[in-house]
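*Asks:* Mind folding the following:
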Amino acid sequence: MDSKLIETLDKLNTNHSLELEEYQLLIENINPDLMKRAAEYAVKYQEQFYGNKVFIRGLVEFTNYCKNDCYYCGIRRGNRECERYRLRTEDIISCAHEGYKLGFRTVVLQGGEDFAYSDEDICDIIRRIKAEHDDMVVTLSIGERDHDSYQAYFDAGADRYLLRHETANPELYTRLHPAEMSFLHRMNCLQDLKNIGYQVGAGFMVQSPGQTARDLAMDLKFIEEFKPDMCGIGPYISHKDTPFAKEESGTLEMTLFLISLLRMIYPQMLIPATTALGTIHPKGREMGIQAGANVVMPNLSPTSVRKMYTLYDNKICTGEEAAECINCLKGRVSFVGYEIVEDAGDRVGFYK
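*Replies:* Prediction:
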């Protein structure tokens, strides 16, 4: 392997930081030996801070209505083929309750940007989940809101907020989103969340349409500087009812390599092995864990609606019951030497 590549990777392992051009160099020269070395470094940090623990978050996809028209997304406003649904408050709370009984101590309430649920509705759901299970962490993933809304959810008891930045390059952001969406606003939202006191999750798509090695390097530099508590990445996967229907999907190899680099950049960070990884390869999530990831997010949504929440094509686990899904995952994770634990799974060193 090229000595310059080894030297650059070793520098990242020591300093947890590189220049933009150095990140780009690694990305442009990805190869099996470089991936193996990066994964070895990543796993050492994984073991240092988390042992062999893998944390579970129960995902409740409670609405697939969205006001946005992002060009890559299957639930975009303009997709007339998408069968829409909204879960009632009682159903959302029931999903969280069932998850708790299965051992989940974190619930992720995720949906499109659907303002049919008022701030009062969201706060009511948070309070009722917390009242029933005071040790359950509530995570929101409902997109861009104003500062006062974020503050209200936090005051109601929300602990974490996931908001993928999607790309750190403003020009690429513009190519992936309609004109009414703003890169600056997305970044301001992330900063608001951090300032309020949330545990914040950012993240980006890997090899989205038009994305370059330089763009991915910018994402790594952004994560290095912003230091989110969690970073979720997954390969771009096309959806048949979007303007990007014929674009190629991202690769397993690049996604795994970037997971390893993320672990080296910020060793304490929580990094999920995403459903998208499992969609492009039958053992994608296990391989993600072996590359440095330490979170999985099984679906707690009612099975009747899972097939409707299709951000991309061929999404896995759309028909399994939550109990079946978690038992299957426990076995698969155990097979590669890790253990799913009943723990809310805060980032090491995070104090609220």
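*Asks:* who's in contact with Cys189?
*Replies:* Contacts of Cys189 were listed using C-beta atoms under 8 Å, 6 or more residues apart in numbering, and they are Glu144, Arg145, Tyr150, Leu163. The C-beta positions use only the backbone N, C-alpha and C, and glycine is treated the same way.
*Asks:* Please indicate which of those are buried?
*Replies:* By neighbour count, with 16 or more other C-beta atoms under 10 Å, the contacts of Cys189 hold Glu144, Arg145, Tyr150, Leu163 as buried.
*Asks:* just those now: which is nearest Thr274?
*Replies:* Proximity of the buried ones among the contacts of Cys189 to Thr274 (C-beta to C-beta) peaks at Leu163, which lies at 15.3 Å.
*Asks:* Surely that closest one and Arg145 touch.
*Replies:* No - assessed by C-beta atoms under 8 Å, Leu163 is found out of contact with Arg145, at 9.4 Å.
*Asks:* For the most centrally placed residue in the chain, give me phi and psi.
*Replies:* When C-alpha atoms, centre = their mean is applied to the chain, the residue found nearest the centroid is Gly232 (3.0 Å). Backbone torsions of Gly232, given as degrees, to the nearest 10, read phi -100, psi 120.
*Asks:* SS state for the residue nearest to it when sequence neighbours are not counted?
*Replies:* What sits nearest to Gly232 in space, not counting adjacent residues and going by C-beta to C-beta, 6 or more residues apart in numbering, is Gly203, at 3.7 Å. Look at Gly203: counting by DSSP: H, G, I helix; E, B strand; the rest coil, its state is strand.
*Asks:* What count of nearby residues applies to Gly203?
*Replies:* Residues near Gly203, counting by other C-beta atoms under 10 Å, number 22.
*Asks:* Kindly report the same for the one 4 residues further on.
*Replies:* Residues within reach of Gln207, counting by other C-beta under 10 Å, total 21.
*Asks:* quick one: it from Arg76, how far?
*Replies:* According to C-beta to C-beta, to the nearest Å, Gln207 and Arg76 sit 20 Å apart.
*Asks:* before we move on, what about Arg84?
*Replies:* 12 Å.
*Asks:* Of those two, which one has the most company?
*Replies:* Neighbours per residue (other C-beta under 10 Å) separate Arg84 from Arg76, with Arg76 holding more: 21 against 14.
*Asks:* contacting residues for the more buried one?
*Replies:* Cys66, Asn68, Asp69, Cys70, Cys82, Thr242.
*Asks:* pretty sure it is in a strand, no?
*Replies:* No - judged by three-state DSSP, Arg76 forms no part of a strand; its state is coil.
*Asks:* Tell me, what's the model's pLDDT at it?
*Replies:* Confidence at Arg76, expressed as pLDDT, is 97.
*Asks:* Phi first, then psi, for it.
*Replies:* The phi and psi values for Arg76, taken as degrees, to the nearest 10, are phi -60, psi 150.
*Asks:* can you offset everything so residue one is 38?
*Replies:* In the new count, where the first residue is 38, that last one comes out as Arg113.
*Asks:* Tell me if I'm right that Met242 and His202 touch.
*Replies:* No - in this structure Met242 lies outside contact range of His202 using C-beta under 8 Å: 10.0 Å.
*Asks:* More neighbours: those two, which one.
*Replies:* The neighbour comparison of Met242 against His202 (other C-beta under 10 Å) goes to Met242, with 25 against 21.
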